[in-house]
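# With the sequence up front, the predicted model follows.
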Amino acid sequence: MQIHPVRTSATLCLALLVVGQQAGAQSAAQLSKQRYAVDPMHSSIAFTSTIVGAVKVRGRFNTYDATVIYDSAHPERSSVSAVIQATSINTDMSFRDDHLRSPDFFDVKQFPNIEFTSDRVVPSSGGVTVSGMLTMHGVSRRLTFPAKLVLPPGLDRGTVAHVAFSAELRLSRKDFGIAGTNKFNPDYNPLTDMLSDNVAIQLDLLGEQQTYSGRTLGTGTPPGAADTVNRVLLARGAAAAIEAFRTLRSTPGAGGRARPPGAGRGGRPGRRRGG
């Protein structure tokens with residue numbers, strides 16, 4: 001097997017991510033089949049609140065990264081983690097969105113991310129009950145909410161398996177210190193405008209299976225370093241994958257790929273000097 005050099009630390013992150021999940025006594029191959037990256041093009045993290053006691057304001061977060069590990073045979077081994085960029089809040093009104101990003105509400109410059117990591121998943125009728133810590137606006141609170149299994153794992157499109165969940169829950173702005181003052185917008189009065197403290201959250205998440213061994217993370221020939229490390233991980237285990245990564249990292253080369261023997265820059269044959 002030919003080993004190729006790596007250009008960035010992405011391969012190390014990838015190797016450590018998969019190796020770290022092996023604490024549950026599952027093989028790397030099993031974990032890779034249970035790992036689903038949430039597809040933001042077919043998912044939604046949305047919310048609904050009210051003003052003046054009746055008018056609904058709907059919005060969403062446009063930029064986020066989430067991963068679901070779902071074991072249908074043992075749902076209690078499942079987990080979910082997500083990082084949302086607070087600045088991506090969108091209620092289809094630019095001035096209102098700027099106000100929500102300001103220190104009056106989310107204060108996105110000081111608290112750029114909203115994060116959730118589950119620590120317990122319990123099977124329930126039609127889905128699972130998820131518990132974990134939500135950190136928002138610098139405040140961490142424990143949440144527990146039911147999630148409905150909308151699409152069980154399966155080969156629903158082409159050769160890539162998907163899984164889908166939906167969930168609804170309610171949050172209190174005050175629990176996270178999001179008071180809604182009027183420093184940014186002096187015309188805004190949270191008392192007379194009667195902004196609701198309760199916010200309804202709607203989650204619709206479609207995950208795509210992350211089968212790294214059957215997926216090309218790089219282009220061209222030879223394969224990318226991430227492909228190499230993951231194939232070693234699945235075939236020979238974590239120790240061999242870490243050793244492969246260290247070899248890649250120490251091997252000279254450019255662009256994250258090995259040059260063919262005797263090749264010069266750009267992969268073309270090197271010229272011999274006279275004599």
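The structure has been received and is ready for your questions.
# where along this structure do the helices fall?
Counting by DSSP state H, the chain has helices at residues 10-20, 28-34, 94-101, 225-236, 238-250.
# what's the least confident stretch among these?
Per-segment mean pLDDT for these reaches its minimum on helix 10-20, at a mean of 42.
# neighbouring contacts of stretch 56-67?
Contact with stretch 56-67 is made by 35-38, 40, 43-51, 80-92, 96, 100, 114, 205, 207, 210, as judged by C-beta atoms under 8 Å, 6 or more residues apart in numbering. From N, CA and C alone the C-beta is placed, and that goes for glycine too.
# among the residues you listed, which are in strands?
Within those, residues falling in strands by DSSP state E are 35-38, 44-51, 80-85, 89-90, 114, 205, 207.
# Select only the buried ones of those in PyMOL?
To isolate the buried members of the ones in strands among the contacts of stretch 56-67 in PyMOL, using 16 or more other C-beta atoms under 10 Å:
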select buried, resi 35+36+38+45+47+48+49+80+82+83+84+89+90+114+205+207
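# can you tell me which strand in the chain is longest?
Ordering each strand of the chain by length in residues (DSSP E) puts strand 139-157 first.
# Buried residues in that one, which are they?
Within strand 139-157, the residues scored as buried using 16+ other C-beta under 10 Å are 145-147, 149, 153.
# could those be laid out in JSON lines, adding pLDDT and distance to residue 135?
Shown next, in JSON lines, are these (pLDDT from 0 to 100; distance: C-beta to C-beta, whole Å):
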{"residue": "145", "pLDDT": "97", "distance to residue 135": "16"}
{"residue": "146", "pLDDT": "97", "distance to residue 135": "21"}
{"residue": "147", "pLDDT": "97", "distance to residue 135": "19"}
{"residue": "149", "pLDDT": "96", "distance to residue 135": "26"}
{"residue": "153", "pLDDT": "87", "distance to residue 135": "29"}
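# Of all pairs in those residues, which one is the farthest apart?
Spanning the widest gap among those are 145 and 153, at 21.1 Å by C-beta to C-beta.
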